[in-house]
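Asks: generate a structure from the sequence data that follows.
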Amino acid sequence: MGWKQAIVGTAAVATLVAGSVAVARAGDDVWAAPVANLLPLPPVPVPVPPILTAPNPAPAAVCTTTAQGVFLPTSVRLPGIAHNIPVLPLYRDANGTPGVPPLSLAGKSEMAFDLGSGIRPGAQHGNALLNAHTWPDGSALGNRLLVQLQPGDSIVVNGTTGRLCYRVTDRVEVPATDPGKRYYATTGPPQIALVVCSGQRLGPGHWTKRTIWYASPVS
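Replies: Take a look at the predicted model:
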């Protein structure tokens, strides 16, 4: 599946697609249209909020997995970065576009979980897919992740039957035109794959890059 139109800018939770044009000016979509089709607007770098640059973050807490089998995620904890991040489980739209958090003060600090892949945390193979907002004013969860989330960091996924502990194994940045084959993988080792917009913002919903973190379960 190719990179779809819409993932970090968002939509009404029920419809799983990018939200109203008026609100979309504040946030942006993860899966945007190809850059070549955009008007030549001045590029804007991703802002770095000063609060995120404080040195010597608190060490990550030890995590113990308690979930048995697959489960539906309800929240995520990133030790030393963010706690109790709500996760919205969303279906894809008619075009196969994964759902995204709403464009709202709450939505900019939430994650969306893709129900369309059929893979949940605890599965034996493939990627359980998450996404979050990057906002041009630097205030969204995606902006914080771009500054702070690195390989070796922990991701704790809480769900309906307990929690599952992950460790980030890879962080990659790809062009917006990348087809997303690795992100959408349904085979291979079990992982969390988390994506946000990055690079330069060319206009509402249009960024030049995507940053993706891959995290493996901790035995």
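Asks: from the contact counts, what lies against the longest helix along the chain?
Replies: If you go by DSSP state H, the chain has its longest helix at helix 141-148. If you count contacts as 3 or more Cβ pairs under 8 Å, 6 or more residues apart in numbering; DSSP states H and E, helix 141-148 packs onto strand 82-90, strand 127-132, strand 191-203, strand 206-217. Bear in mind the C-beta positions are built from the backbone N, C-alpha and C, glycine included.
Asks: give me the secondary structure label for residue 167.
Replies: strand (DSSP: H, G, I helix; E, B strand; the rest coil).
Asks: do I have it right that it meets residue 216?
Replies: Yes. Residue 167 is within contact range of residue 216, at 6.2 Å (criterion: Cβ atoms under 8 Å).
Asks: could you dump the longest helix of the chain to PDB, C-alpha only?
Replies: What follows is helix 141-148 as a C-alpha-only set of coordinates in PDB (Å, rounded to 0.1, in the frame of the first residue of the first chain):
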ATOM      1  CA  LEU A 141       3.000  15.100  20.200                       C
ATOM      2  CA  GLY A 142       4.800  14.400  16.900                       C
ATOM      3  CA  ASN A 143       7.000  17.500  17.500                       C
ATOM      4  CA  ARG A 144       8.000  16.100  20.900                       C
ATOM      5  CA  LEU A 145       8.800  12.600  19.400                       C
ATOM      6  CA  LEU A 146      10.900  14.100  16.700                       C
ATOM      7  CA  VAL A 147      13.100  15.800  19.400                       C
ATOM      8  CA  GLN A 148      13.200  13.100  22.000                       C
END
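Asks: in its sheet, what does the next helix or strand after that helix sit against?
Replies: For helix 141-148, the following helix or strand on the C-terminal side (DSSP states H and E) is strand 154-159. In the sheet, strand 154-159 lines up against strand 73-78 (antiparallel), strand 162-175 (antiparallel) (DSSP bridges).
Asks: returning to that earlier point: gap between the longest helix of the chain and the chain center?
Replies: Put simply, helix 141-148 sits 10 Å off its chain's centre (Cα atoms, centre = their mean, to the nearest Å).
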